[in-house]
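# Got a predicted structure here, sequence first:
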Number of protein chains: 4
Amino acid sequence: MLLPELRAQVLHANLEIARLGLAVHTFGNASGIDSNGIDGRPIIAIKPSGVPYATMRPEDLVLTDLDGSIVEGALRPSSDLDTHLLLYREFPQIGGIVHTHSEFATAWAQACRPIPCLGTTHADYFHGPVPLAAQLTASEVEDAYVRNTGAVIARLFREQHLDPVAVPGVLVAGHAPFAWGKTPADAVEHADLLEYIARLAWRTEALGAPANGLPFHVADHHYQRKHGPKATYGQTKSR
Amino acid sequence: MLLPELRAQVLHANLEIARLGLAVHTFGNASGIDSNGIDGRPIIAIKPSGVPYATMRPEDLVLTDLDGSIVEGALRPSSDLDTHLLLYREFPQIGGIVHTHSEFATAWAQACRPIPCLGTTHADYFHGPVPLAAQLTASEVEDAYVRNTGAVIARLFREQHLDPVAVPGVLVAGHAPFAWGKTPADAVEHADLLEYIARLAWRTEALGAPANGLPFHVADHHYQRKHGPKATYGQTKSR
Amino acid sequence: MLLPELRAQVLHANLEIARLGLAVHTFGNASGIDSNGIDGRPIIAIKPSGVPYATMRPEDLVLTDLDGSIVEGALRPSSDLDTHLLLYREFPQIGGIVHTHSEFATAWAQACRPIPCLGTTHADYFHGPVPLAAQLTASEVEDAYVRNTGAVIARLFREQHLDPVAVPGVLVAGHAPFAWGKTPADAVEHADLLEYIARLAWRTEALGAPANGLPFHVADHHYQRKHGPKATYGQTKSR
Amino acid sequence: MLLPELRAQVLHANLEIARLGLAVHTFGNASGIDSNGIDGRPIIAIKPSGVPYATMRPEDLVLTDLDGSIVEGALRPSSDLDTHLLLYREFPQIGGIVHTHSEFATAWAQACRPIPCLGTTHADYFHGPVPLAAQLTASEVEDAYVRNTGAVIARLFREQHLDPVAVPGVLVAGHAPFAWGKTPADAVEHADLLEYIARLAWRTEALGAPANGLPFHVADHHYQRKHGPKATYGQTKSR
């Protein structure tokens, strides 16, 4: 069995999204990339399609290269594979991707609205709103639906000059969220936080959210104290 | 004890709707049909009325024929039996039926609104909106309330040319949802998904749902990739 | 220890409201009455004040007569005792009372709105809306707040000609619900159903509830099939 | 290990906010103060920064004096330490502080709205609305963000003549709630109740809250019967 460490990380990420209640039934999937992979060729490990979380084993995961050619695995990969591949090609900074249909993030996606930054919980993890990638056109759907889902995300980030490290997730209009991170575990954490941010923003909307959201000087301070060069949060960074 | 396999499937379906939180108290019931049944006569197994889920045993289930004559069973069948029977007679494609008062689907039913297709989660399971069957008239209530509940569902599907395989559930105005499938287990899955679809749509409404919902080209693509002849989802179908 | 059976029923009812999530902290209390009681004098058993559910024992319950004189018990009775006593004096048909601050029923009470009958779940348990008892006046508060909470409920039922058997609960404006039944266990069931009815109605409101609610011919049919002389629900009544 | 009793209380408070669902990930922290402390110098114990609740031990807590000088502890203290310190200096009546990003209280904070007193559940714990401390200005953020978060709370209480014993918590605009009490355990109880009060008020808002909230004569009566000199609630106070 190739790349057992990558398989273990990706299996754990898939089990975590189920345990955290982010996935209903078999909606949702996690993947990871080993950029050194095999003989210097980057390799992706991804959840197999339609296999229940409860019985998934490391050997059930499917290994592919960046073009989607299967390197190892007896099962069919997640039907969302081509979205993951496109994002890994476009965002070389990331090492893991999580896709879910989690309740509140999906509601914002279905309403076709980006999630405004309304508080410090959001600002701690996302530098700016959670952006919304457009609905696919009929020809984009017909041509290559799954790959083009990744393409509209990549186009959005290019057009809005977004940094996938500072904005570790996105909503796809009429569909659901994708989140990513340096590792599969980071991607899970961001998917979980994105859901909580979406939930808080939803609750706030119902009370009447401030038109301009959280002032930028507060939002930026929160983001920088956690992620900037002078981060003061946690035990692993120097003051 | 006749038809132990059918009894086991229907008991499991009843326990599942309780475990999944779809049934509150003894609201809710599941049934299944064996179309070969006994001596070629189709036989339905259904939950007994008012028996707690915690203590229900296979022999507590009630077996009847398609006219509701009891074939085996010491307990009174669910008071909703006649609705199940009518649906089995009208929809010969189905093998199991689940009725619940689950929270969000019931809210849409009480609001007398069909659930519009607002996202791909919905499109994966229902081809079009979750339809709404009309409130019964006073004479329909007086004549045969339970059977006529099935009759208004059947009338709706005929009038709107709906396929019960592509639309595996319905809301009854002022009452609650019914869902069905090829087996009792499929019916449970559809009842569970219907509740999640109803929940997502409810959350989306609060943010302002797009007037036209999910574009048809996206909705249809999602439904076909899971259920059409070229289905690419799961492990059991050929690409 | 007097009346061990009554104590056991009331203890169980108090533990149930905690287990069902109807009580937060020590909000909420259950009581029961034995109308034969001691030497023909009716005796009430009620939860002691401020004792955590986790450690409550039968001997912690307080026994009083209908005037509130303590018959047995070392602890102080629930601070809501006088409301319970007044309801037992006014509604001789009932054998148990439950008071909670459960989430959705309390929201309707705080909004000072009765809960309209919007569906069959409601109609199965309440014959008509869940009524709203008025806010107490300053002099009613000053005079005898707790007893007068019972008095405004009793006045409401008299003025609106409500039958406490067909309407087994009420909301007190700005406060929370009370529910009752033939036994302490019935009172718990009604408190639990009242919360679910309140939750369904709240969800329905957000989607736009029909102005006239559930048509009377449906509501009445549902209530009668469960509670009327020709009840067809459950195993214990003849068809 | 210094002050083991204080450490135990503060550890327990931190674990409780996780168990009660008030803290998501490592959002949230609890502290306590021993006003006699060491050699008569008051000592604060506080959660370390970014340590998961599941593995936290008494020796992981950080002890500081009222100026934030570390007295004992190998780990970095919570990044919110300076808010806690300022509150202990301003409110000498309190012995414990809890900060969370709990769902409903945070929604009110993000909406920049104080929580009006709409019912007796609220009135039992807060004498008046849960107040809202203003957003920090750009210069307050730049100068000393964390300490100034405490300063805006203290300023609000001075300006509005609020008593931190009768109003045991606050919302910080665009951020989240802080709650406090005589002990760390009291602070946890108030943080938990504040979340429930926020939840009830949120649910009530959706139904249309009465413009003037709960009449003062009811609110004051409820607060006084629990906290006033003639308190009648619980077992420990004389009638």
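Arrived safely.

# Show the contacting residues for the nearest residue to A:Arg57 once chain neighbours are set aside.
Leaving out its chain neighbours, the residue that sits closest to A:Arg57 by Cβ to Cβ, 6 or more residues apart in numbering or on different chains is A:Leu11, at 7.5 Å. To be clear about C-beta, it is placed using only N, CA and C from the backbone, and glycine gets the same treatment. By Cβ atoms under 8 Å, 6 or more residues apart in numbering or on different chains, A:Leu11 lies in contact with A:56-58, A:61.

# List buried members of those residues by neighbour count.
Buried by 16 or more other Cβ atoms under 10 Å in any protein chain shown: A:56, A:58, A:61, out of the contacts of A:Leu11.

# and A:Thr232, what pLDDT?
What the model reports as pLDDT for A:Thr232 is 61.

# my bad, A:Leu63
Note for A:Leu63: predicted pLDDT of 98.

# Distance-wise, check it relative to chain B.
Distance, A:Leu63 to chain B, by Cβ to the nearest Cβ, to the nearest Å: 17 Å.

# Check for me that the residue nearest to A:Arg57 belongs to a helix.
Yes - per DSSP: H, G, I helix; E, B strand; the rest coil, A:Leu11 lies within a helix segment.

# can you give me the mean pLDDT across stretch A:158-177?
Mean per-residue pLDDT for stretch A:158-177: 98.

# Can whichever strand or helix holds A:Phe104 be said to contact chain B?
Taking DSSP states H and E as the criterion, A:Phe104 maps to helix A:103-110. Yes - remark: helix A:103-110 sits within contact range of chain B at A:103-104, A:106-110, by Cβ under 8 Å from any Cβ of the partner chain.

# can those go into JSON lines with extra columns for distance to C:Val188, pLDDT and neighbour count?
As requested, the residues of helix A:103-110 next to chain B are exported to JSON lines (distance: Cβ to Cβ, whole Å; pLDDT from 0 to 100; neighbours: other Cβ atoms under 10 Å in any protein chain shown):
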{"residue": "A:Glu103", "distance to C:Val188": "30", "pLDDT": "98", "neighbour count": "18"}
{"residue": "A:Phe104", "distance to C:Val188": "33", "pLDDT": "98", "neighbour count": "22"}
{"residue": "A:Thr106", "distance to C:Val188": "36", "pLDDT": "98", "neighbour count": "30"}
{"residue": "A:Ala107", "distance to C:Val188": "34", "pLDDT": "98", "neighbour count": "27"}
{"residue": "A:Trp108", "distance to C:Val188": "39", "pLDDT": "98", "neighbour count": "28"}
{"residue": "A:Ala109", "distance to C:Val188": "41", "pLDDT": "98", "neighbour count": "32"}
{"residue": "A:Gln110", "distance to C:Val188": "38", "pLDDT": "98", "neighbour count": "29"}
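
# which one of those sits closest to A:Asn29?
Nearest to A:Asn29 out of the residues of helix A:103-110 next to chain B is A:Thr106 (Cβ to Cβ; 14.7 Å).

# mind listing what the spatially most central residue of chain A touches?
Geometric centre of chain A, nearest residue: A:Ala179, 1.3 Å, by Cα atoms, centre = their mean. Contacts for A:Ala179 (Cβ under 8 Å, 6+ apart) come out as A:97-100, A:168-170, A:187, A:190-191, A:194.

# redo that, cut-off 7 Å
A:98, A:168-169, A:187, A:190-191, A:194 (Cβ atoms under 7 Å, 6 or more residues apart in numbering or on different chains).

# From those, which land in strands?
Among the contacts of A:Ala179, the ones falling in strands (DSSP state E) are A:98, A:169.

# Most neighbours out of the contacts of A:Ala179, which is it?
A:Val98 (33 neighbours; other Cβ atoms under 10 Å in any protein chain shown).

# So for it, what's the pLDDT?
On pLDDT, A:Val98 comes in at 98.

# Isn't it up against A:Asp186?
No - A:Val98 is beyond contact range of A:Asp186, at 9.4 Å (criterion: Cβ atoms under 7 Å).

# Mind giving me the packing neighbours of the least confident helix or strand in chain A by mean pLDDT?
Taking mean pLDDT, DSSP states H and E as the measure, chain A has helix A:216-227 as its least confident helix or strand, at a mean of 89. Helices and strands touching helix A:216-227, by 3 or more Cβ pairs under 7 Å, 6 or more residues apart in numbering or on different chains; DSSP states H and E, are helix A:120-123, helix D:138-159.

# Nearest to chain C: which residue in chain A?
Among all residues of chain A, A:Ala206 sits closest to chain C, at 9.2 Å; criterion: Cβ to the nearest Cβ.

# so that residue sits in a strand?
No - in this structure, A:Ala206 is helix, not part of a strand, as judged by three-state DSSP.

# follow-up on the earlier one: output the helix holding A:Phe104 as PDB, restricted to C-alpha atoms.
Output of helix A:103-110 as PDB, limited to C-alpha atoms (Å, rounded to 0.1, in the frame of the first residue of the first chain):
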ATOM      1  CA  GLU A 103     -26.200  23.100   7.200                       C
ATOM      2  CA  PHE A 104     -25.500  26.900   7.600                       C
ATOM      3  CA  ALA A 105     -22.800  27.200   5.000                       C
ATOM      4  CA  THR A 106     -25.000  25.500   2.500                       C
ATOM      5  CA  ALA A 107     -27.800  27.800   3.300                       C
ATOM      6  CA  TRP A 108     -25.700  30.900   2.500                       C
ATOM      7  CA  ALA A 109     -24.500  29.100  -0.700                       C
ATOM      8  CA  GLN A 110     -28.200  28.300  -1.700                       C
END
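
# hmm, back to that, how about the least confident helix or strand of chain A: buried residues?
For helix A:216-227, the neighbour count (16+ other Cβ under 10 Å) marks A:217-223, A:225-226 as buried.

# now, among the residues you listed, which is nearest to D:Gly37?
Among these, A:Arg225 lies closest to D:Gly37 (Cβ to Cβ), at 29.0 Å.

# The closest one and A:Asp124 touch, don't they?
No - counting by Cβ under 7 Å, A:Arg225 does not reach A:Asp124; the two are 8.4 Å apart.

# before we move on, the earlier item: which ones among the buried ones among the contacts of A:Leu11 map onto strands?
Short answer: these have none in strands (DSSP E).

# before we move on, the earlier item: relative orientation of the least confident helix or strand of chain A and helix D:138-159 in degrees?
In terms of direction (axes from the mean of the first three to the mean of the last three Cα atoms, to 10 degrees), helix A:216-227 departs from helix D:138-159 by 100 degrees.

# one step back: the residue of chain A closest to chain C reaches D:Leu207, doesn't it?
No - judged on Cβ under 7 Å, A:Ala206 makes no contact with D:Leu207 at a distance of 11.7 Å.

# what's the closest of the residues of helix A:103-110 next to chain B to D:Ile17?
A:Phe104 (22.0 Å).

# which residues sit in contact with that closest one?
So A:Phe104 contacts A:195, A:198-199, A:202, B:203 (Cβ under 7 Å, 6+ apart).

# Look up how far A:Ala45 lies from the residue nearest to A:Arg57.
The gap separating A:Leu11 from A:Ala45 is 8 Å, by Cβ to Cβ, to the nearest Å.

# between those two, what contacts are shared?
Residues touching both A:Leu11 and A:Ala45 by Cβ under 7 Å, 6+ apart: A:Leu61.

# Now A:Ser35: which helix or strand?
Element membership of A:Ser35 [criterion: DSSP H and E] is strand A:29-38.

# Could you give the average pLDDT over the helix or strand that that strand is followed by?
Following strand A:29-38 in sequence order, the next helix or strand is strand A:41-46 (DSSP H and E). For strand A:41-46, the mean pLDDT works out to 98.

# Likewise for stretch A:10-23?
For stretch A:10-23, the mean pLDDT works out to 96.

# List the buried residues of that stretch.
Across stretch A:10-23, burial judged by 16+ other Cβ under 10 Å covers A:10-18, A:22-23.

# go on, stretch A:39-51?
Across stretch A:39-51, burial judged by 16+ other Cβ under 10 Å covers A:42-51.
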